[in-house]
Structures are given as structure tokens and as C-alpha cells.
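> The following block contains a protein sequence and its predicted model.
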Amino acid sequence: MPLSQIDQLVKGVLKGDRKSIAKTISLIENEMPETQKLISLIYPHTGNAHIIGVTGPLGSGKSTLIEKIAKEIRKSKRTVGIVAVDPTSPFSGGAFLGDRVRMQDLSIDEGVFIRSMATRGSMGGVAKATKDAVNVLDASGKDVIIVETVGAGQTEVDVIKIAQTIVVVLAPGLGDEIQAIKAGIMEIGNIFVVNKADLENVDNAVSAIEAMLEMNTQKKEWKPAVVKTIATRGEGITELIEKISHHKAYLDSGAILAQSRQRIEIELEEAVKQRLTEVILDKLKRREEFHELVDKILAKETDPYTAADVLLEGRLKKYKNS
Amino acid sequence: MTAEKKIRVLVAKPGLDSHDRGAKVVARALRDAGMEVIYTGLRQTPEQIVETALQEDVDVIGLSILSGAHTVLFPRIMELMKKKKLDDILVFAGGIIPQEDVPALKKIGIAEVFGPGTPTDTLVKFVRESVRRKK
């Protein structure tokens, strides 16, 4: 793509042009050659949006809740970007992206941009391109960006690399009273929502969460809030928005710097890892030596770690001693 | 490193159909064929469908309709697509659409109309080959 076209796209994104936003996200998602240039031009314009991650088990009502949150935010005329992630089938490579079904009212609101995204193999609950899609929406001027992760279990916690405020959505009877004690999403939540609060056992769920939070021995400055909602009826939403604002205020009072620093460190680490793969590993894989070592490992003449050292011998000397 | 480009399809139900069994069968078939299928649910207006296609940057739109309102809704959809400069998106349709209406629909840009009972393989093949030809 000629530079002039890239510039056009970036200009469009910065103006909030929806087609430019959509096309840019696609280019990044497909890892087209233009990606790096696009990201480098967009990145300086990020950092203004409040990024909210919404996670939780399947069936807890995340999408419905997000629609209500977005509608509430729109009342104050602030604009919203939503990235809804769903899993890619490991067998077919395809995906059924149905989160928009619960957000129908928002599709023609000019102040809302919704993008459905498939994980395409990423295991942490979000897609590889989710972070950059958020950056594009941020640069386009969205005030709030909501990332809906794949229904989370204990390992889908990559959302902490992207979001500033994490909302964990649970529902009574999804086994969460016991799940609450486990690590993972219970450790990353800033706000816990017990949705479908009209069901039985809602108070048990709330107590279980509060008990678990009490048990948390790590001294945290922000005490996670617990909110009850009935998303389908729009109940509890005002209280939830309030808690989200409180968290934003807490972040703005200084905590955000440390949090941003942490996130960016992870981002840089991952970018370096990606480069190492591209520059070193891909080259090594194309060498005869690589395949000979595979044969040796198969014949049990060596093991993968020793083989790795052989492959890298001499190449890492520069780094080993610094 | 360039990732393999996935085909993104919007399966949409314009109008007031009361069920979406057929649309979901199509959506699942396309997903099983490796495509990313965005499904937006029942009772979509032409405006909602076109705006969704724009935001999701889809390659294909599949319109599913049972009510007979295709004569009114499809031209509205194609008109909006043109207005928003989305005419490079492949549009096909299915559901209950009488054979005699098909030529008029093709004239406004609907690439193909598939009747009930069309094997999903036919659909998948059609989408794959049409998208390939457009590139």
C-alpha cells in the first residue's frame, strides 16, 4: 500500500471516520505489511480513552451488560468503542461472532463503534490484534472503550494487558461460589458484578465474592467493589457506572502511571519476543542443521534443550556476558 | 509475517421474520468452513445491516429473509451500500424468495439467491470462489 494511502487511512482514523477505522483494524488484524507503519502513526494519538475490560464465564450476561453500560455512557454524550472477542474454532479456523446480537440498539448510534473479533488462536481470552484495535479506537477519539473477552476461566487473563478497569461479571448458579476462591479472573477484577440478580442464590454469590476479597492478603490500594445487576432490566447499571467512575478517579489520582508502565513493559517484551522469532527463529528453522537436530531428537541421540544450545552456540555470545 | 486472511461474513436478517433457524445453519456452515461469521440477530433494519457491514469490514453479506419483504428491503439495502461506497462487498440472499423475483434482485446487485434446501457445500463454495475472484 502506498504511503499516501496509509496517511489517508490514519487521517481518517484521527477524524473518527468509521470506514477508515474499520479498514485499519482489518489491516492490523491480518498482519499486512502496512501494519507496523500504521501502528507507528497511530500510537502517539492514543492514551486518552478509558479502557474497560469485561470478563467472566459464559452465560453471565456480559454482552447485555455492555450494551446497558454503553447506553448509559452515551447519555452523557461520551463516545464508546466496543471490541467483542469470541473464540476461533481450533478445528475449522472459523468463528461465530454473535456478541452484537445483544447490542442491536447500538449499531446505528453514531457515537458507538462495535467490532467483533475472533481470537485466531490466542489463548488468553483476547486476540493478538485486540490491543491494537483498542489503540485505533482510542486514536479515533472514543472516550470509553470496552473490551469483551471470551467467556473467561482461570487462564483468560490477558485482558489485564489491555484494560485499565477490569469488570468481572458473574451470575448466581454458575458455580462461581467455589470458583471465586480460585486464582485467575478473581485476582484481576477491580469491580465484580453479580448479574441476573433476580435468580436464587444471588446473596450467596455476593457473600462468597466478598469473603474471597477479604482473604486476599495482598495489600491493594483499591478495594474491589461488588455490584448486583439485572442487565436485561437495566437495574443496577447506574451503581455500576458509578463504581467504574470511582475506579477511573482512583487511576487518575496517580495509580495509572504505575499501571501503564507495567502494561507497556509487557507490550515491549512481547514485541521483542516477536522480533526474535522473526529474525532469529525463522532463519534457524530454514537451516539444514535444524532438521538434522530434529532427526537426532527423534532418535533420542539428544534432547530439545541441548539441541537448542547447539543451534544458538556462538550466536548468543554477545548477550550472555552483558 | 502475514497471517492467513480470513473471510468475514455478515449473516443478516432484515425485516420481521420470527425465527432464524436457516440463517444459523448457514452461519455454522460458513464457520465450519473457516470463515468468521458475524451474526446480528432478528429484526434488523437496512440501516443496521449496512452500518454493521461497514464497522465489521466484511467481505460478504448473506441476507436471510422469509417474510416476502425482500422486494422492499433488498433495494433499500443495496442503495445504502452504494451510498456508503460499500459496493465491493459480495451480497447473496436466501430464504423464501420466489424464483420470479430473482432476476430483479440480481439486477440490483445481489450476486446469487439460494433457495431452501441448498446444500451448505454449495454456499461455501460460492462464497469462497466469489471472494477469491474479487481479489
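Perfect, I can see it now. Since the structure is predicted, the reported quantities are computational estimates derived from the model, not experimental observations.

> Quick one: the helices in chain A, in order.
Secondary structure of chain A (DSSP state H): helices at A:3-15, A:18-29, A:35-42, A:62-75, A:130-139, A:176-179, A:185-188, A:202-215, A:237-250, A:256-276, A:282-285, A:288-298, A:304-312, A:317-320.

> ok, residue A:243 touching residue A:228?
No - here residue A:243 does not reach residue A:228: they are 11.5 Å apart, not a contact under CB atoms under 8 Å. The way it works is simple: take the backbone N, C-alpha and C, and place the C-beta from them, glycine included.

> With respect to residue B:8, which of the helices of chain A lies nearest?
Closest to residue B:8 of these, according to CB to CB: helix A:18-29, at 8.0 Å.

> I'd like to know which of the helices of chain A is closest to residue B:19.
helix A:62-75 (20.7 Å).

> List the contacts of that closest one.
In this structure, residues lying in contact with helix A:62-75 by CB atoms under 8 Å, 6 or more residues apart in numbering or on different chains are A:52, A:54-56, A:80, A:82, A:84, A:99, A:101-103, A:105-106, A:109, A:111-112, A:143-144, A:146, A:148, A:151, A:169, A:193, A:195, A:229, A:231-232, A:234, A:237-238, A:240-241, A:244.

> Please pick the buried ones from these.
For these, burial is judged from neighbour counts taken by 16 or more other CB atoms under 10 Å in any protein chain shown, and it is met by A:52, A:54-56, A:80, A:82, A:84, A:99, A:102-103, A:106, A:109, A:111-112, A:143-144, A:146, A:148, A:151, A:169, A:193, A:195, A:229, A:231, A:237, A:240-241, A:244.

> For chain B, list the residues in contact with chain A, please.
Those residues of chain B that sit near chain A, judged by CB under 8 Å from any CB of the partner chain, are B:1-6, B:27-28, B:30-41, B:43-45, B:47-48, B:51-52, B:54-57, B:84-85.

> any chance you could map the strands in chain B?
Applying DSSP state E to chain B gives strands spanning B:8-12, B:36-39, B:60-65, B:90-95, B:112-114.

> To residue A:280, which of those lies closest?
Shortest distance between residue A:280 and the strands of chain B, using CB to CB, is found for strand B:36-39: 31.7 Å.

> Please write out the alpha-carbon positions of the closest one in CSV.
Written as CSV, here are the backbone C-alpha positions of strand B:36-39 (Å, rounded to 0.1, in the frame of the first residue of the first chain):
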residue,chain,number,x,y,z
GLU,B,36,-15.5,-15.5,10.6
VAL,B,37,-19.3,-15.1,10.7
ILE,B,38,-20.9,-12.1,12.3
TYR,B,39,-24.5,-12.7,13.2
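
> How about residues contacting that strand?
With CB under 8 Å, 6+ apart as the contact definition, strand B:36-39 has outside contacts at A:88, A:94-98, A:100-101, A:116, A:118, B:6-11, B:23-24, B:27, B:30-31, B:52, B:56, B:58.

> quick one: least confident helix or strand in chain B?
Taking all helices and strands of chain B together, the one with the lowest average confidence (mean pLDDT, DSSP states H and E) is helix B:120-134, at a mean of 93.
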